[in-house]
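**Q** Need a 3D model of the sequence below.
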Amino acid sequence: MKSKFISIIIPVLNEQGSIEPLYKKLKSVLDRVKHEIIFVDDGSTDNTPDIISKLKNKDKNVRSIISRRNFGKSAALAAGLKNSTGEVIITMDGDLQDDPSDISKFLEKINKGYDLIVGWKPRKYRWYNLKIIPSKIFNILTRLLTGLKLHDFDCPFKAFKRTVIGGLDIYGELHRYIPVLVHQKGFKIGEVKIKNLSRVYGKSKFGYSRIMKGFLDLITVFFLTRFVKRPLHFFGSVGLTLLFLGLILGMYLIIKRLIFGILIVKEAFILLAILSIILGVQFISIGLIGEMLANLNHGEKDEDVFREK
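**A** Predicted coordinates:
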């Protein structure tokens, strides 16, 4: 089988100690394969850009994308994907925790017909490890909300077919949920077990602010995958529930007044009934406006899903 042209995309931030060792490992693995290595520097303040520039000058297969400041991993990945030219695109971190020798496992799966392959690293659970616990929670919630069964949605080591990245729009912290966004478009997704290496150089970029951002982005992904095409299904359901509740309460209060002669002006339920009806109408209105906005883009986002074979 003819080997495919491969793009390796590596977002980096202050990884001056890891760049050259990673490059040497990659070259030993990709020696007989047509490839390009794209380093995307996301605003490093150390010597990372200079090291990448030296590698680029001595190897025509090395490319670099340099950002003026730190825009985040999603932006770096998006820039790398946009500028890649390979038939197969592999993304990995630049901290030496992803082993280039595992690339063959990804390519083997891609050759079997998968569109996206996600790596997963077996990790021993430690109750005191505050980095692993949020990751496990995110993975469990994502599996429950999306129905996609993967061990680790956030693993940076992935392999894509070129057809996958056409309509892929990642921003904020949505790089964590790339498999979900790809799954929504009907592509075939698989996973491979890979090595879990320890960091040798530099510092981890993990921060606890990512926990809150991760939860918010999970909600974003849930809405994007479930209701982006039919917003009325969500807002209308909530609106009808509130409207129905308000009407039931209103009927209850009217019956109390007409049959039992009980004064309802001072009833707390009357405020709840009025509020429920108003909110119900507003939610339904928001859903209808969302439907009109979605209708404006009808068909534009589906052209990469339906294609002649």
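
**Q** What count of nearby residues applies to G287?
**A** For G287, the neighbour count with other C-beta atoms under 10 Å is 22. For the C-beta atoms, the positions are set from N, CA and C on the backbone; glycine is no exception.

**Q** For it, which non-adjacent residue is closest in space?
**A** In this structure, G287 finds its nearest non-sequential neighbour in F235, 3.2 Å apart by C-beta to C-beta, 6 or more residues apart in numbering.

**Q** tell me the contacts of the one you found?
**A** Residues in contact with F235 (C-beta atoms under 8 Å, 6 or more residues apart in numbering) are 283-284, 286-287, 290.

**Q** Give the PyMOL command for selecting the buried subset of the residues you listed.
**A** The buried residues among those can be selected in PyMOL (16 or more other C-beta atoms under 10 Å) with this line:
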select buried, resi 283+284+286+287+290
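
**Q** pLDDT check: weakest of the contacts of F235?
**A** Lowest pLDDT among the contacts of F235: G290, with 79.

**Q** Pull out the buried residues from the host helix or strand of that one.
**A** Under the criterion of DSSP states H and E, G290 resides in helix 268-296. Residues of helix 268-296 classed as buried: 273, 276-277, 279-280, 283-284, 286-287, 290-291, 294 (neighbour count, 16+ other C-beta under 10 Å).

**Q** Doesn't G17 lie inside a helix?
**A** No - assigned with DSSP: H, G, I helix; E, B strand; the rest coil, G17 falls outside any helix and is coil.

**Q** I'd say it and D95 touch.
**A** No - if you go by C-beta atoms under 8 Å, G17 and D95 don't touch, sitting 9.3 Å apart.

**Q** So which of these two has more stuff around it?
**A** D95 (24 against 18).

**Q** Find the residue at the geometric middle of the protein.
**A** Centroid check for the chain by C-alpha atoms, centre = their mean gives Y177 as the closest residue, at 2.2 Å.

**Q** just the strands in the chain please.
**A** 6-12, 35-41, 62-66, 88-91, 116-120, 158-161, 189-193 (DSSP state E).

**Q** Please name whichever of those strands is nearest to L258.
**A** Closest approach to L258 among the strands of the chain (C-beta to C-beta): strand 189-193, 60.2 Å.

**Q** relative orientation of that closest one and strand 116-120 in degrees?
**A** Strand 189-193 and strand 116-120 are oriented at 30 degrees to each other (axes from the mean of the first three to the mean of the last three C-alpha atoms, to 10 degrees).

**Q** Each with direction, which strands does strand 189-193 pair with?
**A** Take DSSP bridges as the rule and strand 189-193 pairs in its sheet with strand 116-120 (parallel).

**Q** For the residue nearest to the centre of the chain, which non-adjacent residue is spatially closest?
**A** Distances taken as C-beta to C-beta, 6+ apart place V221 nearest to Y177, at 4.5 Å, with adjacent residues excluded.

**Q** OK, contacts around that neighbour?
**A** Neighbouring residues of V221 by C-beta under 8 Å, 6+ apart: 142, 145-146, 174, 177, 180-181.
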